[in-house]
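A.B. asks: coordinates only, sequence not included:
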């Protein structure tokens, strides 16, 4: 049902109830739920108007009719607002706020919603949320606000986003323009030939599926004083999977990560190198800056962070990095591989330095959830599967340098 039609139907139901000779307690609860849903629809419509106004002001459209139909008449119960967000999100900004949404003081968070579905609602608000978030098959359909807030929570836990990687929601399979060769330039005489370079190639973005499953005892689900941790744990799990894919994804069922396509490399000795100073980072920085880019971060495993922290100078004081390197954040990636092969060594790792704003995580669909009521019933537990579809694209491989063969 379209939002406009749903709003009209709810309004008619409210009016019909108020005209009854006797209004029961159940009628009052039903009307309260209807009014809450009507307020939510108004919020959706306001966000759509704000989006249209932004596009009109930017000159990107000439009238509201150019806003896609599914934005103007979105489907209730679906993440229609996801289409409203063709914006690249980095460390700053909020997907939810860009949609004109914020969590209201009386709204139910994701953790409380899951507890309400499992243990039963404790208030009219929870009862309303449960009724509008489940389809009877175990799939939990989050409204636009909760889906956007969960994506924001995932971004807040992501090393990739901290490094400067952008999140780009998209709605169909799309291609990313990849700068394979820097455009040629040259001064020319009048009537002289112009410099021409075939600079770009197209990268097809194909959404890949990542899931996270957690088990929770029914007793804990009922008793937990901090249901928000259910939300936080899922966001962290998905963020770690996204980080692993962004930096070291091997393709196949997973996205192809930055390490596989980085345009520059600082190669270690035959059997690997230990970190004894910051020279490898200055070499990688030279490569990136020579290509015309400014590094936003270094990403590496926690093991290498520890090795750098333990370096000392000739006076046994902590070894300070060069000024040019000290200005760049060093960001640990929890699941960075440390078992790569470098000659005879099988405990090597790869570090990345570069302008990670040239890397994009393209998110095809919002986080969805399915409640497993029977899979772990033997232990009186519930299971919860979280699912996200995404792909990774590196728009400018030359903006990244990888440092390979680092051993402990």
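C.D. replies: Nice, I can see it. From a predicted model like this one, the values you see are computed outputs, not experimental measurements. Residues are numbered from 1 along each chain as shown.
A.B. asks: Touching the strand or helix carrying residue 401 from outside, list them.
C.D. replies: Take DSSP states H and E as the rule and residue 401 turns out to sit in strand 400-406. Contacts of strand 400-406 with the rest of the structure, by CB atoms under 8 Å, 6 or more residues apart in numbering, involve 258-259, 262-269, 272-275, 280-281, 283-285, 287-288, 300, 304, 340, 342-343, 345, 348-356, 358-359, 394. C-beta coordinates here come from the backbone N, C-alpha and C atoms, glycine included.
A.B. asks: From those residues, list the buried ones, please.
C.D. replies: Under a neighbour-count criterion of 16 or more other CB atoms under 10 Å, the subset of the contacts of strand 400-406 counted as buried comprises 258-259, 262-266, 268, 272-273, 275, 280-281, 283-285, 287-288, 300, 304, 340, 342, 345, 348-356, 358-359, 394.
A.B. asks: Out of the residues you listed, which sit inside strands?
C.D. replies: For the buried ones among the contacts of strand 400-406, membership in strands holds for 264-266, 300, 340, 342, 345, 348-354, 359, 394, with DSSP state E as the criterion.
A.B. asks: Out of these, the closest to residue 127 would be?
C.D. replies: The shortest separation between residue 127 and any of those is 43.2 Å, and it belongs to residue 359 (by CB to CB).
A.B. asks: list the contacts for the residue nearest to residue 275 when sequence neighbours are not counted?
C.D. replies: Across the structure, with CB to CB, 6 or more residues apart in numbering as the measure, the residue nearest residue 275 apart from its sequence neighbours is residue 307 (4.8 Å). The contact partners of residue 307, by CB under 8 Å, 6+ apart, come to 274, 275, 408.
A.B. asks: Kindly recompute the last result at 10 Å.
C.D. replies: 274, 275, 276, 300, 301, 406, 407, 408 (CB atoms under 10 Å, 6 or more residues apart in numbering).
A.B. asks: what do you get for residue 356?
C.D. replies: 90, 160-166, 246-247, 258, 295-299, 331, 394, 399-400.
A.B. asks: Just give the nearest non-adjacent residue to it, would you?
C.D. replies: In space, residue 356 comes closest to residue 164 once its chain neighbours are excluded; the distance is 3.8 Å by CB to CB, 6+ apart.
A.B. asks: Which strand or helix spans the nearest residue to residue 381 once chain neighbours are set aside?
C.D. replies: Residue nearest to residue 381 in three dimensions, not counting chain neighbours: residue 215, with 4.9 Å by CB to CB, 6+ apart. Counting by DSSP H and E, the element that carries residue 215 is strand 208-217.
A.B. asks: Now do the strands in the stretch 101-250 of the chain.
C.D. replies: Using DSSP state E, counting those that start in this stretch, the strands of the stretch 101-250 of the chain run over 139-140, 166-169, 174-179, 200-205, 208-217.
A.B. asks: hey, which of those is tucked in deepest?
C.D. replies: Counting by mean count of other CB atoms under 10 Å, strand 166-169 has the highest mean neighbour count of the strands of the stretch 101-250 of the chain, with a mean of 23.
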